[in-house]
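Colleague: Need a 3D model of the sequence below.
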Amino acid sequence: MSAEEFKATTDRVAAAGNQAFKDGVEKSIGALNELNSLSKSNIEALVESFTAATKGAEAVGAQTAAFTKKNWEEGVAAAKSLSSAKSVQEVVELQSAYAKKSLESYVAELNSLTETLSASFKDSFKPINTRLTASVEKFQSFR
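Modeller: Predicted structure coming up:
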């Protein structure tokens, strides 16, 4: 092999090595950019999820406070009507009516609260489920 052939072979090997290195760096940068994009989207989904959870907690708090106030007012009204009862029979009837109304109100409020919590959980987990689905699809596309 002559010096010129050796030099040409060395140049080709060096060029191929440089190209392979360049291709590797470009692929690595592309993968890092993709990972960065996925991480950003995941953080945005978490923020959206926490925001929805906070709104749900606020709704539950407001609903509970309103029920407590209403229940207190009804209890005061029942106590006033009991104090003005003329007989033991009337006290029993008033107390029974109040107990029945109070229980029905409690059950209705519990059902309403369950619906609010269910909607809150659904809203809170929706962004995370969406990101999880997107991530699984992305990882499957790498196969």
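Colleague: So the residue positioned nearest the centre of the chain versus residue 17, what's the distance?
Modeller: Centroid-nearest residue in the chain: residue 124, 2.2 Å away (criterion: C-alpha atoms, centre = their mean). Counting by C-beta to C-beta, to the nearest Å, the separation of residue 124 from residue 17 is 52 Å. All C-beta spots, glycine's among them, are computed from the backbone N, C-alpha and C.
Colleague: Also residue 127?
Modeller: Taken as C-beta to C-beta, the span from residue 127 to residue 17 is 46 Å.
Colleague: Settle it for me: which of those two has more neighbours?
Modeller: Neighbour count, other C-beta atoms under 10 Å: between residue 127 and residue 17, residue 127 has more, with 20 against 10.
Colleague: Please compute how far the strand or helix carrying that one lies from its chain's middle.
Modeller: Taking DSSP states H and E as the criterion, residue 127 maps to helix 88-141. Offset of helix 88-141 from its chain centre (C-alpha atoms, centre = their mean, to the nearest Å): 16 Å.
Colleague: What of stretch 80-99?
Modeller: With C-alpha atoms, centre = their mean, you get 48 Å for stretch 80-99.
Colleague: What residues of stretch 88-98 count as buried?
Modeller: For stretch 88-98, burial by neighbour count (16 or more other C-beta atoms under 10 Å) applies to 94, 98.
Colleague: Show residues contacting that stretch.
Modeller: With contacts defined as C-beta atoms under 8 Å, 6 or more residues apart in numbering, stretch 88-98 is touched by 74-75, 78, 81-82, 85.
Colleague: Pick out the most distant pair among the residues you listed.
Modeller: Using C-beta to C-beta, the two most remote members of these are 74 and 85, lying 16.8 Å apart.
Colleague: mean confidence for stretch 118-134?
Modeller: Stretch 118-134 carries an average pLDDT of 91.
Colleague: returning to that earlier point: between the contacts of stretch 88-98, which has the most around it?
Modeller: Among these, residue 78 has the most neighbours (other C-beta under 10 Å), with 17 neighbours.
Colleague: The helix or strand of the chain with the lowest mean pLDDT - contacts with which helices or strands?
Modeller: Here the helix or strand of the chain ranked lowest by mean pLDDT, DSSP states H and E is helix 3-83, holding a mean of 88. Counting by 3 or more C-beta pairs under 8 Å, 6 or more residues apart in numbering; DSSP states H and E, the packing neighbours recorded for helix 3-83 are helix 88-141.
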